[in-house]
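>>> for reference, the sequence and a predicted model appear below.
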Amino acid sequence: MGEIREPLRELTECGLPQALEVMGERWSFMILRAGFNGLHHFEEFLTELGIARNILSNRLAKLVEHGILARKPMAEDRRKIEYRLTDKGLDLLPAMIALRQWGQKYGGEVFENPVLVDERDRLPIGPVSILSHDGRILGPKDLALIDRAQCGIRADGSKAEGGKAALKLEIVKRPGPREVA
């Protein structure tokens, strides 16, 4: 997949190990899925997921610690706590959908109901894809790993012209978790 390989032993040079540290087990994904389905309260998660109380408490705390969920007392009863997806949590939606689609494709016959649809047309969504900077759908043969300093330099040496998003290469850290309404 390109001219160079990732340093596979270096866990700090890749976002995947960092993501797996936070989300790398079943219950975290199931809690996230429940959050996307509108659950906000400990007892709702407990009842709907059939998860043990201590495991749920541990996973919620970890998701809050990593800024994926925000923990907030309810306005009408400050003793009750709500868990809401943050922007960081909402950014996991494409990964969740990609995993769901992969499971449907390779996990055997799944008769999905309800169906995830595009709100405007109410038709099932298409497969999650890897897109180039200009929106082209990319496959495995279209991908390459290169040194950061070579970004925008084509294999023939010519320079690619991209939009602002394509040329922005620095890592952007978001400020602390912001709650999503």
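Sure, I can see it. Numbers count the residues shown, from 1 in each chain.
>>> where along the chain do the helices fall?
Taking DSSP state H to define them, one finds helices in the chain at 15-23, 26-36, 42-49, 53-65, 87-90, 93-106, 164-167.
>>> give me the angle between the fourth one and helix 15-23.
Taking axes from the mean of the first three to the mean of the last three C-alpha atoms, to 10 degrees, one finds that helix 53-65 is oriented at 140 degrees with respect to helix 15-23.
>>> can I get the helices of the chain in a markdown table with mean pLDDT and mean neighbour count?
(Glycine included, C-beta is placed from N, CA and C.) Putting the helices of the chain into a markdown table (pLDDT from 0 to 100; neighbours: other C-beta atoms under 10 Å) gives the following:
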| stretch | mean pLDDT | mean neighbour count |
| --- | --- | --- |
| helix 15-23 | 81 | 12 |
| helix 26-36 | 94 | 18 |
| helix 42-49 | 95 | 16 |
| helix 53-65 | 96 | 16 |
| helix 87-90 | 96 | 18 |
| helix 93-106 | 91 | 13 |
| helix 164-167 | 50 | 10 |
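>>> next, format those as CSV and append distance to residue 128.
Supplementary listing: those in CSV, determined by distance: least, C-beta to C-beta, whole Å:
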stretch, distance to residue 128
helix 15-23, 16
helix 26-36, 15
helix 42-49, 24
helix 53-65, 22
helix 87-90, 15
helix 93-106, 4
helix 164-167, 19
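>>> so which of these is nearest residue 139?
helix 93-106 (14.5 Å; C-beta to C-beta).
>>> still on that earlier bit, for residue 75, which of the helices of the chain is the nearest?
Closest of those to residue 75 is helix 42-49, at 17.0 Å (criterion: C-beta to C-beta).
>>> the inter-axis angle of the closest one versus helix 26-36?
Using the same axes, to 10 degrees: helix 42-49 against helix 26-36 is 110 degrees.
>>> which helices and strands does helix 42-49 pack with?
helix 26-36, helix 53-65, strand 81-85 (3 or more C-beta pairs under 8 Å, 6 or more residues apart in numbering; DSSP states H and E).
>>> quick check: which of the ones you listed is nearest to residue 112?
helix 26-36 (13.6 Å).
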